[in-house]
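Participant: got a sequence here, can you build the structure:
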Amino acid sequence: MDGSPDRRSWHPCYAAGAVFAVCMAGTTLPTPLYSLYQEKLGFSELTVTVVYAVYAFGVIGVLLLAGNASDAVGRRPVLLCGLGFAAASAVCFLCASALGWLFAGRLLSGLSAGLFTGAATAYVMELAPGRGSPRASLVATAANMGGLGCGPLLAGILAQFAPWPLYLPFVVHLVLVAASVAVLLRLRETVRQRRPLRTVRPQRPGLPPQVRKVFRPAALASFTGFALFGVFTAVSPAFLAQYLDVENHAVSGLIVALAFFSSIAGQTAVGRIGEERSLPLGCAGLLAGLALLAGALWWHLLPLVVLSAVLGGGGQGLTFRAALAQVANASPPDHRAAVVSTLFVVAYTGISLPVIGVGVLSVHIGLQDAGLVFIACMAALVVAAGAYLLRRPSPAPGS
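Facilitator: Take a look at the predicted model:
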């Protein structure tokens, strides 16, 4: 039997996934370039972490204020707006002659990711045959985390082997954004009954009593997993350069990318392992990743950094997909969006506040000791989540 018609029917889903990946790649594109900006503009490691964290504040703001906008006005208008913010972010980095440009670029990047996080995930699922099949979920996951991983990899390779390291990555991204606009305009709209933008209301984080037992370990694990990603993307290039003499931007970008690619593998494995076992196993992976990162900081060993990225990223993927599924399944239908938004707010808080904490500590005790303090705090959270799960396992979905 010829399977070509089926393959063609998946093309819109894959195209939307590619657009999703392009947007998310832009959010991590500056990661291996921060050391170059430090040399050019002369700012501290603390400033690097604050510049990085501004992105998370943009994401949280959009999730709370306009996270459901695409349900009202349609997927394509919101995604086009997100691509506009992504292009504006790239322009800010191209014009970065002072620190304010970096803050503006990161904020705009956060706004683009905030618009894409919910709308693009829904759009990919809706464009797939059958709407919401496991393959469509995998496409959305791979586009999100794969795009985040491709950003530092692309920027690192261009910065190391091509001219104009602070300009060429963003020029390439602008070209990809323009191509994404063209692709998006050719895809159909999936929201049939659209409403005016004025009908969009801010989403208040909500937590019904029956969700709290499931939410607590899920939130702790999600917070820790995103905090680990935050530290990897914000300060690992500086650590590699200062303590391991790794000045190669491509290597720095690859190590950060490994964490995101491992997250895809972890999220993919949830379907085979099951949600109930994935959350504690993911906590174990996070704990192993943190332990390896501590060893890398203490003994200055590059292989331990790589292993930390792989195991920590895999643990993050297991915990977050399982946490998201369990929290969504345990939520009443009329509160599900608010509960999921609350989990995302917790996760993106994890990607910002601990990173700033590492930056503040690094000013006083150095980057290495600040990293060890961060690891101890995050390990305590993972152990707390694991102990809670062992003492009172989360109820099965639908119970």
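Participant: check which helix or strand Ala328 maps to.
Facilitator: helix 302-330 (DSSP states H and E).
Participant: which is the succeeding secondary structure element to that helix?
Facilitator: Next along from helix 302-330, by DSSP H and E: helix 336-350.
Participant: packing partners for that next one?
Facilitator: Contacts defined by 3 or more CB pairs under 8 Å, 6 or more residues apart in numbering; DSSP states H and E place helix 336-350 against helix 45-66, helix 212-243, helix 302-330. The C-beta positions use only the backbone N, C-alpha and C, and glycine is treated the same way.
Participant: share the number of residues neighbouring Pro205, please.
Facilitator: Number of residues near Pro205 (other CB atoms under 10 Å) recorded here: 15.
Participant: that one contacts Thr342, doesn't it?
Facilitator: Yes - in this structure Pro205 lies within contact range of Thr342 using CB atoms under 8 Å: 3.8 Å.
Participant: thinking again about what came up before, among the helices and strands packed on helix 336-350, which is nearest Ser263?
Facilitator: Closest of the helices and strands packed on helix 336-350 to Ser263 is helix 302-330, at 3.7 Å (criterion: CB to CB).
Participant: now do the buried residues in the closest one.
Facilitator: 304-330 (16 or more other CB atoms under 10 Å).
Participant: give the residue spans of the protein that score low on pLDDT.
Facilitator: Across the chain, the ranges flagged by pLDDT under 70 are 1-7, 131-133, 334, 337, 392-399.
Participant: hmm, 50 instead?
Facilitator: Within the chain, the stretches with pLDDT under 50 are 1-5, 393-399.
Participant: and stretch 375-395, how far out from the chain middle?
Facilitator: 22 Å (CA atoms, centre = their mean, to the nearest Å).
Participant: list the contacts for the closest residue to Cys377 other than its chain neighbours?
Facilitator: Once flanking residues are discounted, Cys377 sits nearest to Pro354: 7.4 Å by CB to CB, 6 or more residues apart in numbering. With contact set as CB atoms under 8 Å, 6 or more residues apart in numbering, Pro354 has these partners: Ala227, Gly230, Val231, Phe374, Cys377, Met378.
Participant: can we see that at 7 Å?
Facilitator: Residues counted as contacts of Pro354 (CB atoms under 7 Å, 6 or more residues apart in numbering) are Ala227, Gly230, Phe374.
Participant: and the contacts of stretch 212-229?
Facilitator: Counting by CB under 7 Å, 6+ apart, 207, 259, 279, 282-283, 286, 289-290, 312, 315-316, 319-320, 323, 326-327, 330, 343, 346-351, 354, 378, 381-382, 384-385, 388-389, 392, 394-395 sit against stretch 212-229.
Participant: who's in contact with the helix or strand where His173 lies?
Facilitator: Per DSSP H and E, His173 falls inside helix 168-186. Helix 168-186 has contacts (CB under 7 Å, 6+ apart) with 15, 18-19, 22, 25-26, 29, 76, 79-80, 83, 86-87, 90, 93-94, 154-155, 158-159, 162.
Participant: same question, stretch 196-207
Facilitator: Residues from elsewhere that reach stretch 196-207 (CB under 7 Å, 6+ apart): 64-69, 72-73, 215, 335, 337-339, 341-342, 345.
Participant: okay, and the residue nearest to Cys377 sits in which element?
Facilitator: Assignment of secondary structure by DSSP H and E places Pro354 within helix 353-365.
Participant: by neighbour count, which bits of the helix holding His173 are buried? Give me those.
Facilitator: Leu168, Pro169, Phe170, Val172, His173, Leu174, Leu176, Val177, Ser180, Val181, Leu184.
Participant: between those, which is closest to Ser362?
Facilitator: Nearest member of these to Ser362, counting by CB to CB, is Pro169, at 25.7 Å.
Participant: from Leu154, how far off is that closest one?
Facilitator: 6 Å (CB to CB, to the nearest Å).
Participant: which neighbours do those two share?
Facilitator: Overlap of the contact sets of Pro169 and Leu154 (by CB under 7 Å, 6+ apart) consists of Leu29.
Participant: run through the residues that contact the residue nearest to Tyr348 when sequence neighbours are not counted.
Facilitator: Distances taken as CB to CB, 6+ apart place Ala56 nearest to Tyr348, at 4.7 Å, with adjacent residues excluded. Going by CB under 7 Å, 6+ apart, Ala56 touches Gly110, Tyr348, Ile351, Ser352.
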